[in-house]
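Participant: Provide a 3D model corresponding to the input given below.
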Amino acid sequence: MTLKKILYQLNIVEQCKKSGVSLWQCPQFLFVLMGIVILITISLAYLIGARFIDNPELVAIIVMIITGILLVISFIITRSFERLSEVSKLKSEFINIVSHQLRSPLTNIKWTFEVLSSQEFAVKPEKKEEYYINVKENIARMVELVDDLLVVSKIEEGALTLHKKEIDLGQLINELVSRYKVFAKASDIDLIFTPDKNIHDVMVDPSMLKILVENLIDNAIRYTKGGGKIEVKFKKQGKEILFSVKDEGVGIPEKEKIFIFQKFFRAENALKTRTRGSGLGLYVCKSIVNESKGKIWFDSQEGKGTTFYFTIPI
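Facilitator: Numbers count the residues shown, from 1 in each chain. Predicted coordinates:
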């Protein structure tokens, strides 16, 4: 760690500003303050005990008990304010992202209808279809964002529940892949689905599985530029089904891999490639997989592509 970073970490005022909270609500400041209070209290307890209690061992035990209690109280208070700080920061990020993501499509829809309804512009019949397609795409963007936010809301409230039923897994995934083939073809991408023919009916939550697979395929297509190949596979592995979505896209920078499943996070190269996106898709995927008692992970190399894997028990 460089000297500049160390000095920045020690700058409590700057850390509090970054969190968007006042000094008296800042976890870093409260931690230092509680430390000072504990030291003063321990010193006073020792001085008072040494004056009125003849047994030094008893004094030491009393001081240790007081220290333990103060440390527990300090930890609880600091963690509470740390949580408040995180919530405040997330709220700001949420407002910024949602306002930006909704403003753009709403502006496009407003502009399109103004053009279509204006007496000043004579829109040719063949051009009207293009305008309607533009409106449809922007509405789809808003629906996608709202759907993600609804799922995130359920996750935050602990209300995300699975409703499993028996389905033909191959048929379900094939239908999802088929929907994206037109989108992939338009981007000069070959979308390939390889099912395990020995797997048929399994017990899963089809709606949650759709969200998982759709998010991964959608990301794979959008971050694969200039043509390429995307492979969607699943196979039985013990008492689980192992899914994988492999692309030849921009990949994930090494330094950003640890953040990839965080809420609202988007890698720098992803931002350059695709400005649209809420940064919620992979967070939602991880939450669904965790609720399913499965695992999710990835292998990625910047500039060469990424493979996302996840397992679901059956």
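Participant: And what about residue 229, helix, strand or coil?
Facilitator: With DSSP: H, G, I helix; E, B strand; the rest coil as the basis, residue 229 sits in strand.
Participant: going forward, begin numbering at 199 instead of 1
Facilitator: Right, with 199 as the first residue, what we last looked at is residue 427.
Participant: Excluding chain neighbours, what is closest to it?
Facilitator: residue 388 (4.7 Å; C-beta to C-beta, 6 or more residues apart in numbering). Just so you know, the C-beta spots here come from the backbone N, C-alpha and C atoms, and that holds for glycine as well.
Participant: name the element that neighbour belongs to?
Facilitator: Assigned by DSSP states H and E, residue 388 belongs to strand 387-392.
Participant: same deal with residue 505?
Facilitator: Judged by DSSP H and E, residue 505 forms part of strand 503-511.
Participant: Residues in contact with that strand: which ones?
Facilitator: With contact meaning C-beta atoms under 8 Å, 6 or more residues apart in numbering, strand 503-511 is reached by 402, 407, 410, 414, 418, 421-422, 426, 435, 437-447, 449-450, 483, 487, 490-498.
Participant: all strands for the stretch 399-512 of the chain, in order.
Facilitator: 399-402, 426-435, 438-444, 493-499, 503-511 (DSSP state E, counting those that start in this stretch).
Participant: Of these, which is nearest residue 277?
Facilitator: strand 493-499 (27.4 Å; C-beta to C-beta).
Participant: so what strands line up beside that closest one?
Facilitator: Paired with strand 493-499 in the same sheet, following DSSP bridges, are strand 503-511 (antiparallel).
Participant: And the contacts of strand 503-511, which of them are buried?
Facilitator: Buried subset of the contacts of strand 503-511 (neighbour count, 16 or more other C-beta atoms under 10 Å): 402, 407, 410, 414, 418, 421-422, 426, 438-447, 449-450, 483, 487, 490, 492, 494, 496, 498.
Participant: lowest-confidence helix or strand of this structure?
Facilitator: The weakest-scoring helix or strand in the chain, judged by mean pLDDT, DSSP states H and E, is helix 201-208 (a mean of 58).
Participant: coming back round to it: make TSV out of the strands of the stretch 399-512 of the chain and add distance to residue 347 and mean pLDDT.
Facilitator: Output for the strands of the stretch 399-512 of the chain, formatted as TSV (distance: least, C-beta to C-beta, whole Å; pLDDT from 0 to 100):
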stretch	distance to residue 347	mean pLDDT
strand 399-402	24	87
strand 426-435	26	92
strand 438-444	23	94
strand 493-499	21	94
strand 503-511	22	93
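Participant: got a markdown table for those, with distance to residue 376 too?
Facilitator: What follows is the strands of the stretch 399-512 of the chain, written out as a markdown table (distance: least, C-beta to C-beta, whole Å):
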| stretch | distance to residue 376 |
| --- | --- |
| strand 399-402 | 19 |
| strand 426-435 | 11 |
| strand 438-444 | 15 |
| strand 493-499 | 24 |
| strand 503-511 | 20 |
